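Asker: A structural model of the following input is requested.
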Amino acid sequence: MENIKDKTGQDHYDYIIVGGGSAGSVIARRLADNLNAKILLLEAGESGEGIATVETPHRWVENIGSKIDYLYKYHPAPAVNNRLIYAPRGKVLGGSGSINAMVWARGNRKDYDGWADAGNKGWDYQSVLPLFKKIEDWELGETEFHGVGGPIHIENTKELHFFDKAFIDAGRSYGMPALADTNAPEPEGVGPMSMNIKDGKRCSPFLGYLKPVMNKANLTVLTGAKVLHLNFDGKRCIGLTYLKDDSNIVATASTEVILSAGAFETPRILMLSGIGNAEDLNALGIESRVNLPGVGKNLQEHPLASVIYQVNQPVGQFTENLGGTDLYWKSSPNLDKPDLMLLTMRMPLPTAEIAAQHPVPENSLSVFVTLVDVKSRGYVKMTSSAHDADLEIQPNLLQETEDLEALTSGIELCMNLAAQPGLKNVISKWVSPPKSLNREEIKSYLRDACAHYFHPVGTCAMGNGEDAVVNNKLLVHGTDGLRIADASVMPQITTANTNAPTIMIAEFAAELILGKR
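Answerer: Sure thing, here's the model as predicted:
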């Protein structure tokens, strides 16, 4: 691809970064800008430059299932009627930050304070807030909670859709605070959505961070490069072997290797390298190097159900990211932070099973009802020692009764909002569910309606317990010269979209590497 350096003959580097997604793009930029060191960034996907569905915000849905989607599948589970549920991930520079819906949401301050309280010193909200500010180019200027001049431009919805206005009105008449900033430290209420969009185009981690340094002499970026395994000298990671153009290439790293391949591929690379549950690896014919049973465990995902309404006027306005409002609320008043996130979407997005039961008429749109504080835990397992074999990925959506009850309350909330004057005046018909349901009926409905918010995290969790994979410096337990910086290190999923926190994690990692933390 244009601007991609192909220097496969140069096999010695100071740093090797695996994965050119949201996190890898950040780390490559910060190291290239601040170190006189040779850096290699390996990305298994393609560049993505010039792809209209990547650049144009309202076309993000077309990226799902396309050639730049890995097309992972979640393993069937009884709690969701053993349905086939795809798990999109970006196979492109910028990773999922190049194909997602561009919702910019940090979560709640208690998310990060919880990470710190679990033994991860330095990850509390006040400690990571400067990193969030460093990322941002906030349209309204610098504040106590927002930054300017950063690589990612953030702006609120420019023109609220009529349904967004009705949604905000319904929330306020229901008793919710109006939020001017949904990235406040503890957002609770309803307000305009923040998005990483600039001049009508996606402002991705690739465009914001990586592209400006692509031609730096100290940075080599290779696409179509699939890592096969890490290489070690004793406990020290000294590099890796990757596949490019049907050739196996060995690259060495004198300082360290940083894994930023995401919640599915980072644990796979560790396991292929003998780092994981020793018993499981031996059963696959992989010699155990470091017995870390937590590799691939602790998978968390936000379950989501799309509630669909027909409105009494043309939907129109396919602009921005097709959304416009965020709503944060508690499924129970005794919670210490909101566990529900509702978003508007200007198109109907039912599961196949719900669409078959409730055909979608014209002029229909969605409200995404999402559970963002989950108790269910899943896993990622290898099914063979082959680097390209299908993974068994099981998020266990709604496995825990507490999650099912909370998401049921989320559907109830959505139905109650639809009965408020603001929404009642624009909704002509309830499509799915077609009528008000009681709690048991909602639970049955959710078995077919539940999908997810494309937010897998946690499979190489940070901490000090027996299932921890990295310490608070993101260094892999039992190894030297090996660090992980991506969504897989989250010990607990954030209570909002995960792209902004993932970029923050990468900024944190860069400061660790540069000796700034």
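Asker: ok, which stretches of this protein are helices?
Answerer: Assigned by DSSP state H, the helices in the chain fall at 22-34, 52-55, 109-117, 125-135, 162-174, 205, 262-272, 278-283, 352-357, 401-418, 421-424, 439-449, 499-513.
Asker: elements contacting the last one?
Answerer: Using 3 or more Cβ pairs under 8 Å, 6 or more residues apart in numbering; DSSP states H and E as the contact criterion, the elements in contact with helix 499-513 are helix 22-34, helix 125-135, strand 247-259, strand 482-484. Where C-beta positions appear, they are placed from N, C-alpha and C, glycine not excepted.
Asker: re the thing from before, JSON lines for the helices of the chain, including mean pLDDT, mean neighbour count and distance to residue 387?
Answerer: Formatted as JSON lines, these follow (pLDDT from 0 to 100; neighbours: other Cβ atoms under 10 Å; distance: least, Cβ to Cβ, whole Å):
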{"stretch": "helix 22-34", "mean pLDDT": "98", "mean neighbour count": "26", "distance to residue 387": "19"}
{"stretch": "helix 52-55", "mean pLDDT": "96", "mean neighbour count": "18", "distance to residue 387": "26"}
{"stretch": "helix 109-117", "mean pLDDT": "98", "mean neighbour count": "20", "distance to residue 387": "31"}
{"stretch": "helix 125-135", "mean pLDDT": "98", "mean neighbour count": "19", "distance to residue 387": "33"}
{"stretch": "helix 162-174", "mean pLDDT": "98", "mean neighbour count": "21", "distance to residue 387": "45"}
{"stretch": "helix 205", "mean pLDDT": "98", "mean neighbour count": "30", "distance to residue 387": "25"}
{"stretch": "helix 262-272", "mean pLDDT": "98", "mean neighbour count": "26", "distance to residue 387": "6"}
{"stretch": "helix 278-283", "mean pLDDT": "97", "mean neighbour count": "15", "distance to residue 387": "14"}
{"stretch": "helix 352-357", "mean pLDDT": "97", "mean neighbour count": "16", "distance to residue 387": "31"}
{"stretch": "helix 401-418", "mean pLDDT": "98", "mean neighbour count": "21", "distance to residue 387": "33"}
{"stretch": "helix 421-424", "mean pLDDT": "96", "mean neighbour count": "16", "distance to residue 387": "50"}
{"stretch": "helix 439-449", "mean pLDDT": "98", "mean neighbour count": "17", "distance to residue 387": "35"}
{"stretch": "helix 499-513", "mean pLDDT": "98", "mean neighbour count": "25", "distance to residue 387": "24"}
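Asker: so which of the ones you listed comes closest to residue 363?
Answerer: Nearest to residue 363, of all the helices of the chain, is helix 162-174, at 10.5 Å by Cβ to Cβ.
Asker: and residue 66, what is it in contact with?
Answerer: 53, 99 (Cβ atoms under 8 Å, 6 or more residues apart in numbering).
Asker: Return the backbone torsion pair for it.
Answerer: Residue 66 adopts backbone torsions of phi -90, psi -180, taken as degrees, to the nearest 10.
Asker: Low-confidence ranges, this structure, go.
Answerer: Scanning the chain with the threshold set as pLDDT under 70 gives 1-10.
Asker: Pull up the gap between residue 272 and residue 96, please.
Answerer: For residue 272, the distance to residue 96 equals 22 Å [Cβ to Cβ, to the nearest Å].
Asker: Could you dump the helices of the chain into CSV with distance to residue 213 added?
Answerer: Formatted as CSV, these follow (distance: least, Cβ to Cβ, whole Å):
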stretch, distance to residue 213
helix 22-34, 5
helix 52-55, 19
helix 109-117, 28
helix 125-135, 16
helix 162-174, 37
helix 205, 12
helix 262-272, 21
helix 278-283, 37
helix 352-357, 42
helix 401-418, 42
helix 421-424, 46
helix 439-449, 44
helix 499-513, 13
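Asker: sorry, back to before: for the helices and strands packed on helix 499-513, give me a markdown table that also has distance to residue 53.
Answerer: Shown next, in a markdown table, are the helices and strands packed on helix 499-513 (distance: least, Cβ to Cβ, whole Å):
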| stretch | distance to residue 53 |
| --- | --- |
| helix 22-34 | 18 |
| helix 125-135 | 24 |
| strand 247-259 | 28 |
| strand 482-484 | 30 |
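Asker: so residue 222 touches residue 42, yeah?
Answerer: Yes - using Cβ atoms under 8 Å, residue 222 is in contact with residue 42, at 5.5 Å.
Asker: overlap in contacts of these two?
Answerer: By Cβ under 8 Å, 6+ apart, no residue touches both residue 222 and residue 42.
Asker: Compare those two and say which is more crowded by neighbours.
Answerer: residue 42 (25 against 20; other Cβ atoms under 10 Å).
Asker: Do I have it right that residue 191 meets residue 184?
Answerer: No - the pair residue 191 / residue 184 is not scored as a contact, 9.3 Å apart, by Cβ under 8 Å.
Asker: These two: which has the busier surroundings?
Answerer: residue 191 (24 against 16).
Asker: check contacts around residue 159.
Answerer: Residue 159 sits next to 317, 319 when contact means Cβ under 8 Å, 6+ apart.
Asker: separation between it and residue 316?
Answerer: For residue 159, the distance to residue 316 (Cβ to Cβ) stands at 11 Å.
Asker: ditto for residue 353
Answerer: 28 Å.
Asker: And residue 28, by the same measure?
Answerer: To residue 316, residue 28 is 40 Å away according to Cβ to Cβ.
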